[in-house]
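Engineer: coordinates only, sequence not included:
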């Protein structure tokens, strides 16, 4: 028994099966990320002034990852075109580049971007204590200029033991540059290059702090959505890399030798998925890194 | 090894098709370059003050939508796809916009806030 | 995904031998890890029916607590206490937490492990490819993966009863913040607790549904037989097509919500936890800023289309059976098709009518109230078309027809009682009372499940080559019909008296008003309801025995025992791998019953149009593809 239209197209729809299938699957993926993005909109609209942070992610690294995904999108479509022109060797190389791009993307995310966040701490101040730390926050000037107030002080936590030990009354935070010069207009907008925390240590009474946690998903709604959406996106990248690896291995060469069109179809279908993953990232990048 | 034997069912038809693909390759690369340029543009625009934060979001989303449109139209061949797929996607777009809009409406219009 | 499928297709095409397939595949590959749509369909069906009974058993336990609150359950109480472990049924008395678990899991199991697998996956898998003249699904291996994802999800759900603290207990809707903080007592384990396992199991079930939906839609689009145009599709195929779209597009937002709830429980986020949340008198150490309403939006974005996922396949089954047994064409085929399409479309934009009590403003309420009332129009069209189809037919009351005719008034009651709930003002009073329970159970229990039984009795001969015993089928039918009404009709009254649907003591402690209806107060009505429920449980025994007994001992029948017209009846009984001996071609519509001038009162879809006919009918292109 053979299923019709696995490789050839059905005349009235002009499509082969897997192409219909993948587009339906992508439609469901649109709804999946649509659900997450609608949550993003909902939570961001709900956020109180100053509670949706800006400029905490590393923009050049994010931009580089965006570029890597775009390049891999080009190479995968070139791989498909190479197969259509029956150039297996070229296909092999393009596919290899695509796979490597995917892996680099994941490695950057998992070994650099995420861990860096876990080392950063942010102490959210109680509303009544904000005035006390005016010299770090610069809220008077910000209110004058119509900017959102600063409600937390971030940087490297110098005394981790303070988190657990009730006898220590103060957090010592190696300040992020913003809090060293809160009234410098240059700090009103996020910096392009990542600037590490300074040696300037601020002492903050535990009494005045509502919560002091690292920049994990538990820190605030911004990081919650950031880790959830990029995590789910990362899983999609991983899935794509696995599928591409399968198509790049010698196993698929046999498929090619039997019917090159068959492998081309597979690459087209998985390529569509890969482009979709790229497309999601095109929205994720500005939403989390820039805005 | 560069050109393995062609065992497609209809060589003549395939020949014509492959030729068309070859013409497309240049276009794919150009689109890729455009996307990279627009990525740089998104980053640059986010440091320009358009007055309010909302305006910046709108600008960035317009650029992102344009980029996404390029990916969908050229890389995903949506510029010339079969009617069936358009139909599926129009339905999906309708529902996903419904999800966005109606959750927004519900947020915007509570009895008390 | 297509990689494995086509590899298999290639493998098989090399050694082509149609019917002698079973000589080559081992027993495990043929009956368990099969990629044949019929085997998968039957697996889904059997598992789904088992889960229906399991979910029903949970409810029978709850009914004891409701009728006799605080009493020890006689006879089986001790056994249940042993099975479910300490803290559940100690001394045969049901613990409140366990009651909540049963309620939440009854809903989840009935809907996602029972009705959806049977209505969509089982009938869709078994019947749809046969009805459209296809050799199999487009992606047989994806189909198998879909079943095994369902299997894993189901296993996780069932296993969650046995972890410390028991199964999920925040209702089948898992409203936050309750569900976010559930089970977080002593001995809390990050993963092995009821609510987290509920989430994980659910993610597997969603995966299963998505794979199934992709497969169904592709199959219906791509593998229709030659000449089977869209308007020649049996109505059942249409309903499955729309259902698949609902699952495809409505499930993912819930999956997103489940991922977020998972993060809330495991990674410490507070997507659904508001600022300043206090639990057990202490402020919870969370970032806050989340929105419980967000969960409700995303949940009901699935939740409402899900209702139509439950009812549409039943529409399809009932339509097939009514046309077949009234021996006349289905009335208003086109309006039925368009109604179903409109239902599918509108079902996506009515969801917030489940949320009237959450404090939505009048603009939003007006919008959702309007769409909700609009969707009742196509539903009424469908029901009316079914009733008109009966008019003037020579009705045969076969067993499937009994169930199908019973479906009509039952669904009618369920549908019409939903209209008060669609109105914001009326719902403010009726929300979360037994009225709501009665309303949706009339749709899902005597509605959908009667449709499913009708389908089981109708297609049983195709799957086994034998008929189920008619006498015992009727012994199954009549008590089920009577008990269903005894169970759910009084619930409307209870609800209107104001009985809340989640009371652990069945309303015993609720004394306000306590008006009497026919001599019984709201609480006292629980006793006859419970007895009816247990009787209905007994009434399922003839079905179970009949189902298995008839596989070997039922009356043997030929390929088309019901004298039906659609393509599945042209395949041999117990169709072989690949289904058809001769690839079918469709020449006519699906319900050509009692065509004038023909010998038989039914004309199958694959019978060519004769010259004599041609003069009487509007000329039609003979075999256009698509």
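Structural biologist: It's in. The model shown is predicted, which means the values in this text are computed figures rather than measured ones.

Engineer: need the contact list for residue C:553.
Structural biologist: residue C:466 (Cβ atoms under 8 Å, 6 or more residues apart in numbering or on different chains). For the C-beta atoms, the positions are set from N, CA and C on the backbone; glycine is no exception.

Engineer: Check it and give its pLDDT.
Structural biologist: On the pLDDT scale, residue C:553 is placed at 95.

Engineer: swap in residue C:15?
Structural biologist: In this prediction residue C:15 is given a pLDDT of 41.

Engineer: swap in the one 3 residues further on?
Structural biologist: The model reports residue C:18 with a pLDDT of 41.

Engineer: Number of residues surrounding the residue in chain B positioned nearest to chain C?
Structural biologist: In chain B, the residue that lies nearest chain C is residue B:109 (3.4 Å; Cβ to the nearest Cβ). Counted with other Cβ atoms under 10 Å in any protein chain shown, residues neighbouring residue B:109 total 16.

Engineer: what's the next secondary structure element after the helix ranked longest in chain B?
Structural biologist: Among the segments of chain B that qualify as a helix by DSSP state H, the longest is helix B:11-46. Note on helix B:11-46: by DSSP states H and E, the next helix or strand toward the C-terminus is helix B:53-70.

Engineer: Give the other helices and strands that the following helix or strand past that following helix contacts.
Structural biologist: Using DSSP H and E, the helix or strand that follows helix B:53-70 in sequence is helix B:83-108. Judged by 3 or more Cβ pairs under 8 Å, 6 or more residues apart in numbering or on different chains; DSSP states H and E, the packing partners of helix B:83-108 are helix A:17-46, helix C:235-266, helix C:292-326, helix C:362-390.

Engineer: Mind checking if stretch C:138-148 is in reach of chain A?
Structural biologist: Yes. Contact of stretch C:138-148 with chain A (Cβ under 8 Å from any Cβ of the partner chain) involves C:138-140, C:142.

Engineer: Weed out the non-buried ones from the residues you listed.
Structural biologist: By neighbour count, with 16 or more other Cβ atoms under 10 Å in any protein chain shown, those hold C:138-140, C:142 as buried.

Engineer: Tell me the one among these nearest to residue C:353.
Structural biologist: residue C:142 (34.8 Å; Cβ to Cβ).

Engineer: For the longest helix of chain B, name the packing helices and strands.
Structural biologist: Taking 3+ Cβ pairs under 8 Å, 6+ apart as contact, the helices and strands that helix B:11-46 lies on are helix A:59-84, helix A:260-285, helix B:53-70.

Engineer: Tell me, how many residues neighbour residue A:189?
Structural biologist: For residue A:189, the neighbour count with other Cβ under 10 Å is 15.

Engineer: State the distance from the spatially most central residue of chain A to residue C:113.
Structural biologist: With distances taken as Cα atoms, centre = their mean, the residue of chain A nearest its centroid is residue A:230 (3.8 Å). Distance, residue A:230 to residue C:113, by Cβ to Cβ, to the nearest Å: 33 Å.

Engineer: same thing with residue C:529?
Structural biologist: Residue C:529 is 24 Å from residue C:113, by Cβ to Cβ.

Engineer: between those two, who's got more neighbours?
Structural biologist: Legend: neighbour count by other Cβ under 10 Å for residue C:529 and residue C:113, higher for residue C:113 (25 against 21).

Engineer: That one looks like it's in a helix, true?
Structural biologist: Yes. Assessed by DSSP: H, G, I helix; E, B strand; the rest coil, residue C:113 belongs to a helix.

Engineer: which SSE is the nearest residue to it once chain neighbours are set aside in?
Structural biologist: Nearest residue to residue C:113, sequence neighbours excluded (Cβ to Cβ, 6 or more residues apart in numbering or on different chains): residue C:51, at 4.0 Å. If you go by DSSP H and E, residue C:51 is part of helix C:37-67.

Engineer: Name the residues of that helix that are buried.
Structural biologist: Per 16+ other Cβ under 10 Å, helix C:37-67 contains these buried residues: C:37-45, C:47-49, C:51-52, C:54-56, C:58-59, C:61-67.

Engineer: okay, the angle between the helix or strand just after it and helix C:37-67?
Structural biologist: Next helix or strand after helix C:37-67 toward the C-terminus (DSSP H and E): helix C:77-84. Note on geometry: by axes from the mean of the first three to the mean of the last three Cα atoms, to 10 degrees, helix C:77-84 and helix C:37-67 are set 130 degrees apart in direction.

Engineer: Remind me what helix C:77-84 packs against, helices and strands.
Structural biologist: By 3+ Cβ pairs under 8 Å, 6+ apart, helix C:77-84 packs against no helix or strand.

Engineer: Over that helix, what's the mean pLDDT, rounded is fine.
Structural biologist: Mean per-residue pLDDT for helix C:77-84: 92.

Engineer: Now do that helix: everything it contacts.
Structural biologist: Under Cβ under 8 Å, 6+ apart, the answer for helix C:77-84 is C:61, C:73, C:88-93, C:98, C:161-162, C:166.

Engineer: Recalculate using a threshold of 6 Å.
Structural biologist: Contacts of helix C:77-84 with the rest of the structure, by Cβ atoms under 6 Å, 6 or more residues apart in numbering or on different chains, involve C:89, C:92.

Engineer: tilt between the helix or strand following it and helix C:37-67?
Structural biologist: Once the chain leaves helix C:77-84, the next helix or strand it forms, by DSSP H and E, is helix C:96-108. Put simply, helix C:96-108 runs at 150 degrees to helix C:37-67, going by the same axes, to 10 degrees.

Engineer: Buried residues of helix C:96-108, list them for me.
Structural biologist: Using 16+ other Cβ under 10 Å as the test for burial, helix C:96-108 gives C:97-108.

Engineer: and which of those residues is nearest residue C:206?
Structural biologist: Set against residue C:206, the nearest of the buried residues of helix C:96-108 by Cβ to Cβ is residue C:108 (12.4 Å).

Engineer: Next up, the contacts around the closest residue in space to that closest one that isn't next to it in sequence.
Structural biologist: In space, and not counting its chain neighbours, residue C:108 is closest to residue C:172: 4.8 Å by Cβ to Cβ, 6+ apart. Under the criterion of Cβ under 6 Å, 6+ apart, the contact partners of residue C:172 comprise C:104, C:107-108.

Engineer: Chain C is nearest to which of the helices and strands packed on helix B:11-46?
Structural biologist: Across the helices and strands packed on helix B:11-46, closest to chain C is helix A:260-285 (Cβ to the nearest Cβ), at 5.6 Å.

Engineer: Leaving out sequence neighbours, find the closest residue to residue 170.
Structural biologist: You didn't say which chain, so I picked chain A. residue A:203 is the one closest to residue A:170 (Cβ to Cβ, 6+ apart), at 4.7 Å.

Engineer: let's do chain C instead
Structural biologist: residue C:179 (3.9 Å).

Engineer: same deal with residue C:122?
Structural biologist: Spatially, and ignoring its direct neighbours in sequence, residue C:122 is nearest to residue C:45 (3.5 Å; Cβ to Cβ, 6+ apart).
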